[in-house]
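any chance you can model this:
(chains A and B)
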Amino acid sequence: MNRFALAALAVMTCAVQAAAAASLSSADTNLGRVKAAVLQEGLTVTIDLGDDIPTATHIIARFQNNQPLMRGRDGLWAPWAGDMTQLDEVTAVVADKKLIVRVLDAKPEALFYPASFTVVYRTETGVKSGTITVDGP
Amino acid sequence: MSFIRFVAALGVAIGLNAAAVAQTVPNLTIADVDKVVGQALAEAAARNATNGAIAVVDRVGNVLGVYALNPGNIPLMTITSGRGIPLNNGLEAVNILPATFGALAKAITGAYLSSSGNAFTTRTASQIVQEHFNPGERNTPSGPLFGVQFSQLACSDLTRFGETIGGGPRRSPLGLSADLGGLPLYKNGQVVGGVGVLFDGVYGLDLKIDDYDRDLDELIAVAAQQGFEPPTDITSRITADGKFLTYTDVDRRDLKTTTAAAVNPTNYIAVAGYTPAGRRDGVAFGTPTSGVRDEGSVDYPAVDAWILDDGLGNNRYAPRAGLAPAAAAGGLATAEVRTIVTEALKVAFKSRAQIRRPLGSFVQVTVSVVDTEANILAVARTPDAPVFGTDVSLQKARSAVFMSRPTTAAELRAVPAVTLIPGTLSTVALGTYVDAFQALVGPTALSDGKAFADRSVGLLARPFYPDGIEKYANGPLSKPFNVWSPFNVGLQLDLVLGDIVARLDGSAPPPQGCTSLPQSAAAGPGPAPTRLANGLQIFPGSVPVYRGNTLIGGLGVSGDGIDQDDMVSFLGLHNAGLALNSGVGNAPKSLRADTLKVGGLALRYVQCPFSPFTNSTEQNVCSGK
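Numbers count the residues shown, from 1 in each chain, chains lettered A, B, ... in the order given. Next up, the predicted model:
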């Protein structure tokens, strides 16, 4: 049921709001906090890849119950049990050594604040991640 | 450059459980809020109290209004136990916080501690959180809810945040309060909220129980409550350990006013992180909007379970399998979590309540299950369980697990001393508690996998060990008594003091919750919960969960008397083990903390009440299990 409920975080638009580029790390980079009020057109995270070449990109979300959800191939949020091999791959754009990940296409429901979104990419040598937190209102 | 799809997901309407929305219970309205505040204003004026704050909340902690007599000059309050303990001792002597925080904490306390079966106030809280029960009775054990003040914290990963009005439970800026002047509000015998007032400039407690105070804040709060009083039977006739729990020292006969003064709507101010300006209706408890509703026999058909709703009709904490360890690696399976909750609630429903009227009522509690890395696997409750037990049951479950893990000594040692405000607020390196613990309990303590129930933990977190005996020194997790108070308890506060201070600006809770302890690795990268993501709790009511000799989780219970909470957790888990026959159950007896001789005494693990069931005369129900 959560899978469908969380689809209320619906993708409504393709407008992009880019956050400042930052590098991810194996220790999970803190990508900062943003206010939901500025997310009317969604949230896009731009990652500085340096020399990394991503082989897969994933997004993990945690809302107020802190239970991890993964972004599924169908774009819905689904419960995730913590097994990295079970993460669905999401789409992203790579350009000029930057990874552009569309995290949200619409402002999330207020009741989910604060929400955290962890962007994960794999390379041939390991996994790197970073987390951005959305505060309300 | 590559371009790949981005799949659009559309919102899906959520079907709500019909039984859940059929609940019809009263709620506080704007008119009610104005009446409560107006009555407080009248009494304050009659007593020449010229500046202060009044807060009104609903049962799940939504802030319905915070009224400042002088919005341009909100007074500060001094936090003090009245024992002369100086700054740099927890929250003692801090005098930089506004009275609005105190009023809010008091209102939430009145609402959260109460139910249809018991009406408790901040005076009751004061009676049950001090070094002796009753306070001032020398060499008696500590209060039964010792440590409950540091729950409902603003950093909690359980409490809800982000909406003006919505589901609860909501957070409190200072946790629960023992300062007089916080009362519950009732309609038709059902608790609908709470009121808290702070006019006297002091956020403290009552050190002396054997007198009758005429406390300014309590007088104003009692005036505010007129028309919203609880039934008399559930106020001052409830006992614990043979002692009556105090409701208030004053009643209507002590008041100077009986009618409300006019309120100025512009005096309802914003408190960052808690409420915008203005006042509003509260939610009706038991509806999905309130965040607490009937479970609808989806996961727990054998019991009348209630659960936390996410506002969209979903159970926030529907039973799920453990992440650490994973079910495939011997961790809890979803069906096992479901059975543990069911069996615990079954014990509650057949047991005699300690703190509820009428006599013979069954126990009303909240039950939480976690895995070994603090991931929440389930939360469920009985219908009228007091709201405070939601956060506290989870604290207890996590505390039992944390103290039973073999990594705890090392993880505490990794937390350094912190100066939060020079000369005012600081914490010690948490390794000092480990040193003291190992000096008393043994050199391998907190690293050898001994199983600690929260009763065992709590007894080592009292300002005297053995509990209450004044000729002895403090327990290893406590401050020495010369600087100890409910505002400076020791490890419990040092774990979260930085979080409390950091959130005083009203900022959102950190997604990983409270403390700087390690986060769950099994939950993947990102802000997974810390080991104690809503804080440590140090009064009884939880046990670690084992499969054979292996720690796989924790079960926490809160809402009734502490012996009842102990029994629901211990016996509930025992019965679940019998039902499951999968190796899940309580810790092997050889691993339990009651095998330890600490200071020459066997430590307690759990303690179950005499003749606990309403339908039998069975005795010693936990013995031998």
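
hey, let's count contacts and neighbours off CA atoms from now on
OK.

quick check: the gap between B:F362 and chain A.
B:F362 is 29 Å from chain A, where distance means Cα to the nearest Cα, to the nearest Å.

what pLDDT does the model give the closest residue to B:R413 other than its chain neighbours?
Nearest residue to B:R413, sequence neighbours excluded (Cα to Cα, 6 or more residues apart in numbering or on different chains): B:G431, at 4.0 Å. At B:G431, the model reports a pLDDT of 98.

I'd assumed B:A417 was in contact with B:G431.
No: B:G431 is beyond contact range of B:A417, at 9.1 Å (criterion: Cα atoms under 8 Å).

give me the more crowded residue out of the two.
Using other Cα atoms under 10 Å in any protein chain shown, the more surrounded residue of B:G431 and B:A417 is B:G431, with 19 against 14.

and the more buried one, what does it touch?
B:409, B:412-416 (Cα atoms under 8 Å, 6 or more residues apart in numbering or on different chains).

and B:A321, how far from B:A329?
11 Å (Cα to Cα, to the nearest Å).

sorry, back to before: mind putting the contacts of B:G431 in TSV, pLDDT included?
What follows is the contacts of B:G431, written out as TSV (pLDDT from 0 to 100):
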residue	pLDDT
B:A409	98
B:L412	98
B:R413	98
B:A414	98
B:V415	98
B:P416	97
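
between those, identify the one with the most neighbours.
B:A409 (23 neighbours).

neighbours of the residue in the stretch 451-600 of chain B that chain A sits nearest to, how many?
Nearest to chain A, among the residues of the stretch 451-600 of chain B, is B:A523, at 4.5 Å (Cα to the nearest Cα). By the criterion of other Cα under 10 Å, B:A523 has 25 neighbours.

one more: B:G227?
Counted with other Cα under 10 Å, B:G227 comes out at 14.

now the strands for the stretch 151-300 of chain B?
Taking DSSP state E, counting those that start in this stretch to define them, one finds strands in the stretch 151-300 of chain B at B:182-187, B:190-198, B:202-203, B:239-240, B:243-244, B:292-294.

what helices and strands are in contact with the second one?
Identification of packing neighbours for strand B:190-198 by 3 or more Cα pairs under 8 Å, 6 or more residues apart in numbering or on different chains; DSSP states H and E yields strand B:53-58, helix B:99-112, strand B:182-187, helix B:216-224.

report the angle between that strand and helix B:99-112.
160 degrees (axes from the mean of the first three to the mean of the last three Cα atoms, to 10 degrees).

please save the CA atoms from strand B:190-198 in CSV.
What follows is strand B:190-198, C-alpha atoms only, in CSV (Å, rounded to 0.1, in the frame of the first residue of the first chain):
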residue,chain,number,x,y,z
GLN,B,190,-12.3,12.1,26.7
VAL,B,191,-9.0,13.8,26.6
VAL,B,192,-8.9,16.3,23.7
GLY,B,193,-5.7,18.2,24.5
GLY,B,194,-3.8,20.1,27.1
VAL,B,195,-3.1,23.6,28.3
GLY,B,196,0.2,24.9,29.7
VAL,B,197,1.0,28.3,31.2
LEU,B,198,4.2,30.0,32.3
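
tell me the strands beside that strand, with direction?
When pairing is defined by DSSP bridges, strand B:190-198 lines up against strand B:53-58 (antiparallel), strand B:182-187 (antiparallel).

element containing B:G556, please.
Assigned by DSSP states H and E, B:G556 belongs to strand B:550-558.

got a list of contacts for that strand?
B:322, B:324-325, B:330-332, B:365-372, B:389-390, B:392-398, B:400-401, B:404-405, B:541-546, B:565-566, B:568-569, B:573, B:587.

what's near enough to touch residue 129?
With no chain named, the answer covers chain A. Per Cα under 8 Å, 6+ apart, neighbours of A:S129: A:24-29, A:118-121, B:525-526.

I was after chain B.
Counted by Cα under 8 Å, 6+ apart, B:V129 has contacts B:142-149, B:178, B:486.

number of residues surrounding the closest residue to B:T248 other than its chain neighbours?
If the residues on either side of it in the chain are set aside, B:T248 comes closest to B:R123, at 6.3 Å by Cα to Cα, 6+ apart. When neighbours are counted by other Cα under 10 Å, B:R123 registers 26.

so which elements touch the helix or strand where B:R123 lies?
According to DSSP H and E, B:R123 maps onto helix B:122-128. Packing contacts for helix B:122-128, counted by 3+ Cα pairs under 8 Å, 6+ apart, involve helix B:99-112, strand B:182-187.

make CSV from these and add mean neighbour count and mean pLDDT to it.
Shown next, in CSV, are the helices and strands packed on helix B:122-128 (neighbours: other Cα atoms under 10 Å in any protein chain shown; pLDDT from 0 to 100):
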stretch, mean neighbour count, mean pLDDT
helix B:99-112, 32, 98
strand B:182-187, 31, 98
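
which residue is the nearest non-sequential neighbour of B:S399?
B:S399 sits nearest to B:L536 (Cα to Cα, 6+ apart), 5.6 Å away.

distance check, the nearest residue to B:P141 once chain neighbours are set aside against B:G600.
Using Cα to Cα, 6+ apart and skipping the chain neighbours, the partner closest in space to B:P141 is B:G468 (4.2 Å). Applying Cα to Cα, the value for B:G468 to B:G600 is 16 Å.

phi first, then psi, for B:V568.
When quoted as degrees, to the nearest 10, the phi and psi of B:V568 stand at phi -60, psi -40.

next one: B:A327
phi -60, psi -40.

next, count neighbours for B:S611.
For B:S611, using other Cα under 10 Å, the count is 15.

wait, isn't it in contact with B:M567?
No: counting by Cα under 8 Å, B:S611 stays clear of B:M567, with 11.6 Å between them.

pLDDT wise, what is A:A81 at?
A:A81 is given a pLDDT of 87.

got the phi and psi for the nearest residue to it once chain neighbours are set aside?
Once flanking residues are discounted, A:A81 sits nearest to B:L323: 6.1 Å by Cα to Cα, 6+ apart. Main-chain torsions, B:L323, degrees, to the nearest 10: phi -100, psi -30.

please name the bridge partners of B:L323.
B:A326.

neighbours of it, how many?
Count around B:L323 with other Cα under 10 Å applied: 31.

next up, the contacts around it.
Contacts of B:L323 by Cα under 8 Å, 6+ apart are A:81-82, B:331, B:371, B:373, B:375, B:522-523.

what's the answer for B:K256, then?
By Cα under 8 Å, 6+ apart, B:K256 lies in contact with B:43, B:46-47.

can you get me a residue count around residue 76?
Went with chain A since none was named. Neighbour tally, A:L76, other Cα under 10 Å: 24.

was after chain B, sorry
Residues near B:L76, counting by other Cα under 10 Å: 22.

for it, what are its contacts?
With Cα under 8 Å, 6+ apart, B:L76 has these contacts: B:95-99, B:201.

which among those end up buried?
Buried by 16 or more other Cα atoms under 10 Å in any protein chain shown: B:95, B:97-99, B:201, out of the contacts of B:L76.

and stretch A:83-90, does that touch chain B?
Yes: using Cα under 8 Å from any Cα of the partner chain, we find that stretch A:83-90 touches chain B at A:83-84, A:90.

for that stretch, measure first residue to last.
The first-to-last residue distance of stretch A:83-90 comes to 16 Å (Cα to Cα).

and if you look at stretch B:107-117?
Note: stretch B:107-117 ends 19 Å apart using Cα to Cα.

who touches that stretch?
Counting by Cα under 8 Å, 6+ apart, B:55-61, B:119-122, B:172, B:176-177, B:182-185, B:189-197, B:234, B:355-358, B:384-388 sit against stretch B:107-117.

hmm, try it at 7 Å
The contact list for stretch B:107-117 (Cα atoms under 7 Å, 6 or more residues apart in numbering or on different chains) reads B:55-59, B:61, B:120-122, B:172, B:176-177, B:182-184, B:189-191, B:193-196, B:234, B:356-357, B:384-388.
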